[in-house]
Structures are given as C-alpha cells and as structure tokens.
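A.B. asks: give me a 3D structure for the following:
(2 chains)
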Protein chains: 2
Amino acid sequence: MNEQASAIHEWIQKHEAKGIRMLKRFVQEASTQGNEKNVQAMVVEKLRQLGLEIDIWEPKIRDLKKHEAFVTARSSFRDSPNVVGVWKGSGGGRSLILNGHIDVVPEGDVKLWEDDPFSGKVKDGRLYGRGSTDMKGGNVAMILALEALISLDISLKGDVIFQSVIEEESGGAGTLACIERGYRADAAIIPEPTNMKIFPKQQGSMWFRVVVHGMSAHGGTRYEGVSAIEKAMKVVQHLQEFEKVRNARITDPLYQSIPIPLPINIGKISGGSWPSSVPDEVTIEGRIGVGPHETLTQVREETATWLQKLSEIDSWFESHPTQLEWFGAHWLPSQMNIEHDLVTILTAQFRGVLGKDPILEASPWGTDGGLLTNVGDTPTIVFGPGQTEMAHFPNEYIELKKVFEAAEILALTIVEWCGQSK
Amino acid sequence: MNEQASAIHEWIQKHEAKGIRMLKRFVQEASTQGNEKNVQAMVVEKLRQLGLEIDIWEPKIRDLKKHEAFVTARSSFRDSPNVVGVWKGSGGGRSLILNGHIDVVPEGDVKLWEDDPFSGKVKDGRLYGRGSTDMKGGNVAMILALEALISLDISLKGDVIFQSVIEEESGGAGTLACIERGYRADAAIIPEPTNMKIFPKQQGSMWFRVVVHGMSAHGGTRYEGVSAIEKAMKVVQHLQEFEKVRNARITDPLYQSIPIPLPINIGKISGGSWPSSVPDEVTIEGRIGVGPHETLTQVREETATWLQKLSEIDSWFESHPTQLEWFGAHWLPSQMNIEHDLVTILTAQFRGVLGKDPILEASPWGTDGGLLTNVGDTPTIVFGPGQTEMAHFPNEYIELKKVFEAAEILALTIVEWCGQSK
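C.D. replies: Residues are numbered from 1 along each chain as shown, chains lettered A, B, ... in the order given. You can find the predicted model right below:
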C-alpha cells in the first residue's frame, strides 16, 4: 500500500464516527417517494462543506416524457429535488459519475419491525432502518470517499459528478433528469447494495399484467362454467416454462452462480367476485427480468408470442386469449465490457484494500445504471456495501464496516480513474 | 281430468294477462337486500284481496341469533319486512307452507344487460329482469294457484301458509324468522327455479376461506423466497382431489345425472402486494356443497382434516400450514323421503297437467328448504318454473308458460294435500 493509500485508509478510519452520524441522520429522514426534500437538504449542506458546485432542481415531467424510458405515476416532482455536486478536475482526466438514489421504499407493516423503521439505531456494528442498505449506506460511502480525497488535498484531472437522485425505486426519473440536464461522464459507479460484489452487468425488468378469462356459473353447478382460476394456473405454469426456456440460453459466465439469471416473478393474483360463483376473470401481475443482452421491446414481443402458444396447450385459450399488458415501472438492463478499464481499476483497488479478489457477477435486479448506460452513454458499474437480501425488508440494516471499506475502495478508484493532478 | 281440475286450468288460462302484470310489477321493484319493502307492499295488497290473514313484521336479530343456523351480515332488518298470509282451513286436513323469497341478487354489471335489469319486459313468451326466475316467477305461480282456488270457491281442510320472505340470498334469515315466529306445517313447497324438476333433496353449502403462506423475496432473486401463489396452486389441486373423493361416495340415484353432485367451487383468489415481490400470502375463498346426508359440522371437520394432508404432498405445509376459516353465509342441506306423500301427490298432478313424468333430482344448491326441514321440522320439496342457469345472470328471464303450468300443478297439489272441505 502506498503512502497516499495509507493516508486515505487512516482518514476514513479516523472519521468513522462522523460517517455513522451522517448515515444515521440520513436514515432518520424517511425519504419515501415525495418526502426526499429534507434529506436532500442534508446532502446539499455536506456538498457545500466539501466545496462542490451544487445543482438543485425539481425534474419537470414535460422535459422527461419525450424519453421512451421515462416512467412515473406522479403528476409532478414538486418538492422532490435532485441534487448534483460537481468536483471539477484540472483537465485531461477521465470523468466519473457517482450516482446514488436518496428515495427509499415504504417501511411496510410496522409490526414486522423490531424497532422504529427509521430509528437509525446502531447495534453490533450494524445500523438499522429503512434505506440503510438501499442505499443510504452507499451514498455515505461515496461522500466519505470524496471527503477523504478533498481533506487530504488530493486533486484530480477528471471531473467527479456526485448525484443524489430521487425516484430510483419507481423507475429512475431522477437519474433520467440528470442525463436530460446534460450530466454525462466517461463512466459511472452506483453503490447499490451488492454485498461488495462488482456488477458490470445488470438485469433490467418490466412489469406485466395478464388477464385470464373464464366463464361464470353458479358454484353449485360449477361444471357449467369455466374457472378462470383453473385457467390462470395453466398460465402460471406456462410462464414458469417460459422462464426455463429463457434461462436455458444464458451462457454468460457472470451468471454462473445465479440460480435463475432472468426470473419471471408472479407477484400478484386476483380474481373472482363471489365465493359461490365460478370466477370469470383472473388478473396476474409480475416482473420479468430483462437480460443485459436484450431490449425491452424484444422481451415484450417474445412474451406475447409465448402466451399465444397457450392455445396449443388448451383450446379454451384459442377462443378466449389472455390479455397481456405492460404497465407501471420498467428498468433498463445495463452492460459494460468486463475488460473495461473501470472494472480493472475497481478490481485492483478492491484487492488492495481487502486482500482478496472481488466476485464479478451480473446483478439480479435493475438499477439506474440501465439509464446511465443506455440513455446517458455512460458505462456503469454497480458496487456497494449492504446486502440485497436486506433491501425492502423489515429490520433492514447495513454492516457499518462495509460502508467504510467501500468508501476506501471508491476513493482509490476515483483517484486512479480520474487521474491525480498533484 | 275432472271438472274441478278443468275449472282451475281454465281460470289460470283466463287470467294469464293478470299474472304477467303482477310478475312485471314485482320484477320492476328492485328488491335487492334492504330494498324489499315496496314489493312486499304489493304482495300484502294481493293477499288482502284474497282475504288471507296477514302477518307483517321486521325480523329481529336478537330473536334469531340464538339459532346456530342464523347468518347475516346486516345489523338490522329494519324496512325489510317478512310477509305471511294464512288461509285457514276448516280443520282435519294437512297444512302446507308455500314459501318464496322476495329478495333478489344485485343486477351486477349493467353493461352486460341488453335492457334495464329491472325492465320486466315481455318478449317471445319470456319476461325479463333480475328476479324474474329467482324467484318472483315462482312467487306469482303460488299466488295464482291460491287465487284460482279462492276464486273458484274451493275450500280446504288444512291451512295454507303463504310466506314471502326476505334474505334467502344471504342465508335465510327471513325463513328462519318465520319458523321462530311459530310457522310450521306438515310439509312445504318452495317454487325456486328447478326448471319444473322436483327436488326432494337439496344440496346445502358453506363458504370457506383458506389462507396460504409463502415467504417474500425480491422478484429478481425469487429463488430466495417461496411463492404463496405456487403453494396456492397446490392447495387448489388438493381441493379438486377432495371434491373427487367426496363425490365418489355418492350413490343416491337422485344424483345420477348430475356431473358433480357436491361441487367445491374456488370462487375467489387474491394475494401478493407488488409485481416485483415474491407473494407471501394468498387467500382463496370458495363454496363447498353439503350433501343431504351430511351436517355442516361433519363437512367442516372433513375439510380441516383433508387440508392437514397437504404436508404429505409438500413439506412446506408442515412448517407453514394453511389456515381454514368458515365465513359468510351457509345454507343447510335438506332431504325428504321420496316416498313421502307430497312427492307422490306433486308427481301425480305434474303428470296430470303436463302428460309426462317429472324428473326427480337432488338440487345442486341450497334453499330455505334446509331451514324448513332441519329447524322447522317441515319436510320440503323444491319445485318451480324458471331455469337455474338464468338465476344470478345478466338478461335473466323466465318462460311465462312455465309459470302458469306451475300455478296449475301447485293449485291441484294444494287441494290434494290439504284436503277439500266442500
């Protein structure tokens, strides 16, 4: 480890308490959709202290809706600002976007939490609360990395563009607004909770709805009707088969240890209106994973074609085809060549700090990396502290040690990628 | 055909237009639950014209709730009167209850109706509207039968107790209130829509709810969770198997032409909360048919035992058993010996009027006959105009010809059963 690396390591070690306080305050601000403004004010205050050029704005739907990738259920982003802080380089280096979302998913059933969902409580090296893992821990790691470099008076050639964005959990309008505003870079890192794995590729996803038809009858003579529930079971089985077919073709070694690289999840089912009637309609809703090698359009078309085959299994579907709809949010897949220089640098710094090789995988979920890569032409790696298994769950927590390790690896990667000017 | 029978036949023929007007007015009064009072006023007016002793009262929940068979979702029956009209016999004959419910199920989706659901429109010998078949057609047939006998100055030995009851569609509180008020008889006829078949036995039914558990996970790593939808599919299959087992033991010849004598209908399914999450709970609701030879308690116990066997199929259910609940309404099964004199009389009169043998079957649904038989000790036959297939459906109608045929058969049956005094 060279002298500068040691200095960074020591700086971060010395400022752990400060980092924990910051994360605690971030988590205690329940920044669910529409409530991001208070925690963004804290981020702004921090970036101001660091001396970054600050840009704060509320994205406008009229500017975003021209993008095919834009999705939102909101009518406005009023009071939900994006925050960007730019650390200008001296020139001649590669620029880097550090992107993290500040929105968190709702706490869900409070009864399932052992503590207040937004307690920020620290216990046994873990910090608890909604958003701790997904992904305020990652955001704090980025801020600490920048603070270490700036405090140690390290200057860079390339620009670092720190983005604290809204709306990632609802389809990425915040990151899309950054791209739309002109923020692009030679590469990007998103410290979503990868459990310190490096994800050069990310699974995209889309939501689908399939409406299955039956024919009503009185339950006492149910044989005179056709149960949409029984037909829906066939549709579910057919989609399970589709998942098998889609995954059988995947050969990318990044997927080798993932049981189902591109899952089809049936997340919701509902149908029928009366216990005593044969149900005449069932709706199933789910999520289909989109491979880094695929486009959303390809997957939409393949799904439609596959569902048409239902009539080969059961002639009922010939006269009563299912209805397929794509609704709600979608997340673009993302891929970066694993030979890319940022992968090489990040891998080396990981090894330097932790003394072991990182795991390179393809992520089982989408991030704003899909937008950065596909819309913003900015190749993106996802790498961060925190475990996916914690995200969106009661009693979410993050291991603090990982936050500081990530901060150190990020700081070193920034220097190496952007180039040091003094 | 004897002279009196001819007179009855002619009287009914002559008064068809009057009968149609009555049915039309009955149907035009949308007597859904809570809205029975206007049509009951018409019934009262009719019974007054016939000179019957009239009893009108709003059932009281406090009087009914001591009965195990009582079910209601209402907090009071205010403005929902029961109506009974008694035609006292001269004595020495057998008494007969003529029971019909005046409540109708809601019209459902109005867009599926070709006409106003309460039009009462007559076209091609059919009268259309919600409640025409289920069961205002049957009610009019009873009233016409009584009117014919009274108009022709025929006197009876036994009492005829005409009951126009509320709440049949919601579990029978109206008929239970009649029993509670003391109305019992040597036998009863309910002219529910049997398509002129004679049902000495009726299937009872109960509503059940099964909650199926899974384990949540993010849809992108769905293999880390357990889908409650997939588990619910196993539960549905297990219940389908249960239906087979239960029906395999039925040997009663009255069921010989019924495809599934005691169906298990899965009427509703719902579960999951988010397309991108593995669903951790699914609820299914349905109706189980209860055989005339069974009690509700027996069927509840057998169902619970059967569901426990799920753990033999899938060990998941061992650690995560389903939850079974009996909720909402239930209808008691009913049975009458097919050698019973009322069956013999009704069969003979049917043959006399229509020149062919009636079909004797067990009904695929429950009626208030279960209450009359089991709680009121009044053996009950269900026999009436109208087709089951029409009940509860859009564009419900009744064939008017059948209403008059039923009226004639009922009139002759009343005379034969109650005995003529002059």
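
A.B. asks: distance of residue A:385 from residue A:107?
C.D. replies: 21 Å (Cβ to Cβ, to the nearest Å). No exception for glycine: its C-beta is placed from N, CA and C like everyone else's.

A.B. asks: list the contacts of the residue positioned nearest the centre of chain A.
C.D. replies: Nearest to the geometric centre of chain A sits residue A:367, at 3.0 Å (Cα atoms, centre = their mean). Residue A:367 makes contact with A:168, A:190, A:192, A:202, A:331, A:334, A:380, A:382, according to Cβ atoms under 8 Å, 6 or more residues apart in numbering or on different chains.

A.B. asks: surely the second one is in contact with residue A:368?
C.D. replies: Yes. Under the criterion of Cβ atoms under 8 Å, residue A:190 lies in contact with residue A:368, with a separation of 6.3 Å.

A.B. asks: so which of those two has more stuff around it?
C.D. replies: Shown here are residue A:190 and residue A:368; by other Cβ atoms under 10 Å in any protein chain shown, residue A:368 has more neighbours (33 against 30).

A.B. asks: I figured the more buried one was touching residue A:171, is that so?
C.D. replies: No. Counting by Cβ under 8 Å, residue A:368 does not reach residue A:171; the two are 9.4 Å apart.

A.B. asks: show me where chain A dips below the pLDDT cut-off.
C.D. replies: A:1, A:422 (pLDDT under 70).

A.B. asks: not counting its neighbours along the chain, what's nearest residue A:76?
C.D. replies: Spatial nearest neighbour of residue A:76, chain neighbours left out: residue A:61 (6.4 Å); criterion: Cβ to Cβ, 6 or more residues apart in numbering or on different chains.

A.B. asks: domain boundaries for chain A, per the record?
C.D. replies: As given by automatic domain parsing, the domain ranges for chain A are A:3-202+A:333-418, A:204-331.

A.B. asks: now name the helix or strand holding residue A:162.
C.D. replies: Using DSSP states H and E, residue A:162 maps to strand A:160-165.

A.B. asks: measure residue A:60 to chain B for me?
C.D. replies: According to Cβ to the nearest Cβ, to the nearest Å, residue A:60 stands 27 Å off from chain B.

A.B. asks: so what's the residue lying closest to that residue once chain neighbours are set aside up against?
C.D. replies: Distances taken as Cβ to Cβ, 6+ apart place residue A:77 nearest to residue A:60, at 7.3 Å, with adjacent residues excluded. Residues near residue A:77 by Cβ under 8 Å, 6+ apart: A:58, A:59, A:60, A:61, A:166, A:167, A:173, A:177.

A.B. asks: for the stretch 301-422 of chain A, which residues are neighbours of chain B?
C.D. replies: Residues of the stretch 301-422 of chain A lying close to chain B by Cβ under 8 Å from any Cβ of the partner chain are A:328, A:363, A:364, A:365, A:366, A:388, A:389, A:391, A:392, A:393.

A.B. asks: got the contact list for the fifth one?
C.D. replies: Pointing back at residue A:366 there. Residue A:366 neighbours (Cβ under 8 Å, 6+ apart): A:202, A:203, A:204, A:205, A:290, A:331, A:332, A:333, A:334, B:220.

A.B. asks: so it, which of the three states?
C.D. replies: Following DSSP: H, G, I helix; E, B strand; the rest coil, residue A:366 is assigned to coil.

A.B. asks: how about the strands in the stretch 201-350 of chain A?
C.D. replies: Ranges of strands in the stretch 201-350 of chain A, per DSSP state E, counting those that start in this stretch, are A:204-213, A:264-271, A:281-290, A:323-331, A:334-335.

A.B. asks: same question for the stretch 51-200 of chain A.
C.D. replies: With DSSP E, counting those that start in this stretch as the criterion, the stretch 51-200 of chain A has strands spanning A:53-57, A:82-87, A:96-101, A:122-123, A:126-128, A:160-165, A:187-190, A:198-202.

A.B. asks: take those strands and lay them out in TSV including distance to residue B:136.
C.D. replies: TSV is the format used below for the strands of the stretch 51-200 of chain A (distance: least, Cβ to Cβ, whole Å):
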stretch	distance to residue B:136
strand A:53-57	67
strand A:82-87	65
strand A:96-101	62
strand A:122-123	69
strand A:126-128	64
strand A:160-165	64
strand A:187-190	67
strand A:198-202	64
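
A.B. asks: looking at those, which is closest to chain B?
C.D. replies: Counting by Cβ to the nearest Cβ, chain B lies closest to strand A:198-202 out of the strands of the stretch 51-200 of chain A; the figure is 9.6 Å.

A.B. asks: between helix B:228-248 and the helix ranked longest in chain A, find me the angle.
C.D. replies: For chain A, the helix with the greatest residue count under DSSP state H is helix A:228-248. When axes from the mean of the first three to the mean of the last three Cα atoms, to 10 degrees is applied, the directions of helix A:228-248 and helix B:228-248 differ by 140 degrees.

A.B. asks: helix A:228-248 and chain B in contact?
C.D. replies: Yes. With Cβ under 8 Å from any Cβ as the criterion, chain B is reached by helix A:228-248 at A:229, A:230, A:232, A:233, A:236.

A.B. asks: which one of the residues you listed is nearest residue A:316?
C.D. replies: Set against residue A:316, the nearest of the residues of helix A:228-248 next to chain B by Cβ to Cβ is residue A:230 (9.6 Å).

A.B. asks: for the closest one, grab the count of nearby residues.
C.D. replies: Neighbours of residue A:230 using other Cβ under 10 Å come to 20.

A.B. asks: what residues are up against it?
C.D. replies: By Cβ under 8 Å, 6+ apart, residue A:230 lies in contact with A:214, B:236, B:266.

A.B. asks: and residue A:285, by the same measure?
C.D. replies: By Cβ under 8 Å, 6+ apart, the residues touching residue A:285 are A:207, A:208, A:209, A:210, A:266, A:267, A:268, A:269, A:327, B:272, B:275.

A.B. asks: of the residues you listed - the most surrounded one?
C.D. replies: residue A:269 leads the contacts of residue A:285 on contacts (other Cβ under 10 Å) with 29 neighbours.

A.B. asks: these two touch, right, that one and residue B:228?
C.D. replies: No. Assessed by Cβ under 8 Å, residue A:269 is found out of contact with residue B:228, at 9.1 Å.

A.B. asks: any residues in contact with both of those two?
C.D. replies: B:271, B:272, B:279, B:282.

A.B. asks: for residue A:419, see how far away the residue nearest to residue A:78 when sequence neighbours are not counted is.
C.D. replies: Closest residue to residue A:78 apart from its sequence neighbours, by Cβ to Cβ, 6+ apart: residue A:58 at 5.9 Å. With distances taken as Cβ to Cβ, residue A:58 is found 34 Å from residue A:419.
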